[in-house]
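[1] heads up, no residue letters with this:
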């Protein structure tokens, strides 16, 4: 549980801090960031997890999205884990969509990935405990989750698997059915083997058919997103939610792409969405 504080800044009356710790789950040093709002000085605040996309780290959302202003306004603590285990002893791949920076928020069962790549266990177990111990203002009874692209996939699947933990959920441009698109097919094959029932456990479109939650899920996607038709395929998930009776607000925005200019535009909406659910 020992943390090393890498850096810290004051922002909108709160604190953005970056920390390292030795992970027993991922068997390497893991880094994450926390934005603690000013309201934390007076008592517990809800916790919102942000899962980033391919090639990203904690820095992308904390430096590019402008989330601190809305988080301070609503009194929400936001945690940004890394997207994978990292380090010289951690397996990697030359491609951007596999290996370090591309953990896909799952537990790998295939070598050489199975020793370190356990991002779902890390986030829902070990890192949760690290936050609870080291950030006493974190109200672990009020947690939500959101993310972008690969991280949107992670947010959706972790919400469906742990609805009692993550009571609110949203996503920017999520990979809603990785078992049916090239990014997911490549990662799943490498990490968990050939197509099998194991793939369904990491596919939001499959999960929602068997597990509906009380959350009203919010999804924003850009109509000019170059990955919309090939990698995201939101229509599959939308149809699955309609058939299963899962509440979903899906918004498609003309002119927007897959970038942080898009995310920054709608970040306030997402934080307000979670604040309403977690503080209402």
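    Thanks, I have the structure now. What you see is a predicted model, and the numbers here were worked out from it, not measured in a lab.
[2] C-alpha only now, for contacts and for neighbours.
    Noted.
[3] Now do the helices in the stretch 151-280 of the chain.
    Along the stretch 151-280 of the chain, counting by DSSP state H, counting those that start in this stretch, helices occupy 182-192, 197-200, 204-210, 234-244, 260-279.
[4] Pipe those into CSV and attach mean neighbour count per row.
    Putting the helices of the stretch 151-280 of the chain into CSV (neighbours: other Cα atoms under 10 Å) gives the following:
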stretch, mean neighbour count
helix 182-192, 19
helix 197-200, 14
helix 204-210, 20
helix 234-244, 16
helix 260-279, 18
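[5] pLDDT wise, what is the residue nearest to residue 200 when sequence neighbours are not counted at?
    The shortest distance from residue 200 to any non-neighbouring residue, by Cα to Cα, 6 or more residues apart in numbering, is to residue 206 (5.7 Å). With respect to pLDDT, residue 206 scores 97.
[6] heads up, I number from 22, so please use that
    Yes, from this point I'll number from 22; that puts the last item at residue 227.
[7] any idea how far residue 154 is from residue 227?
    34 Å (Cα to Cα, to the nearest Å).
[8] Please apply the same query to residue 112.
    In terms of Cα to Cα, residue 112 sits 30 Å off from residue 154.
[9] Between the helices of the stretch 172-301 of the chain, which one is closest to residue 81.
    helix 281-300 (8.1 Å; Cα to Cα).
[10] so how far is the closest one from its chain's centroid?
    How far helix 281-300 lies from its chain's middle: 14 Å, per Cα atoms, centre = their mean, to the nearest Å.
[11] Spatially central residue in the chain, please.
    Nearest residue to the geometric centre of the chain (Cα atoms, centre = their mean): residue 72, 2.2 Å.
[12] any idea where the strands of the chain begin and end?
    25-32, 35-44, 49-57, 66-72, 98-102, 159-169, 187-193, 238-243, 269-274 (DSSP state E).
[13] now these in CSV, with distance to residue 145?
    Formatted as CSV, these follow (distance: least, Cα to Cα, whole Å):
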stretch, distance to residue 145
strand 25-32, 21
strand 35-44, 13
strand 49-57, 14
strand 66-72, 10
strand 98-102, 11
strand 159-169, 11
strand 187-193, 10
strand 238-243, 19
strand 269-274, 23
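[14] Same list as before, those strands that is, but in CSV and with distance to residue 79 and mean pLDDT included.
    Formatted as CSV, those follow (distance: least, Cα to Cα, whole Å; pLDDT from 0 to 100):
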stretch, distance to residue 79, mean pLDDT
strand 25-32, 12, 98
strand 35-44, 8, 98
strand 49-57, 6, 98
strand 66-72, 8, 99
strand 98-102, 5, 98
strand 159-169, 11, 98
strand 187-193, 16, 98
strand 238-243, 21, 98
strand 269-274, 25, 98
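[15] among those strands, which is nearest residue 262?
    Per Cα to Cα, nearest to residue 262 of those: strand 269-274, 7.0 Å.
[16] re the thing from before, can you say which of the helices of the stretch 172-301 of the chain is nearest to residue 162?
    Among those, helix 281-300 sits nearest to residue 162 (Cα to Cα), with 9.3 Å.
[17] So what touches the closest one?
    67, 69, 82, 85-88, 91-92, 95, 97, 163-165, 188-191, 193, 239, 241, 243, 277 (Cα atoms under 8 Å, 6 or more residues apart in numbering).
[18] ok, residue 74 to residue 265 distance?
    27 Å.
[19] Also residue 294?
    Distance from residue 294 to residue 265, by Cα to Cα: 22 Å.
[20] Would you mind listing where the stretch 122-271 of the chain has pLDDT under the threshold?
    The model of the stretch 122-271 of the chain has no residue with pLDDT under 70.
[21] picking up where we left off before, who's more crowded, residue 112 and residue 154?
    residue 112 (18 against 13; other Cα atoms under 10 Å).
[22] So the more buried one sits against residue 134, correct?
    Yes: with contacts counted by Cα atoms under 8 Å, residue 112 reaches residue 134, the gap being 6.4 Å.
[23] Please work out how many residues are found near residue 248.
    Count around residue 248 with other Cα under 10 Å applied: 16.
[24] tell me the contacts of it?
    residue 279.
[25] For it, give its distance to residue 41.
    Taking Cα to Cα, one finds residue 248 at 33 Å from residue 41.
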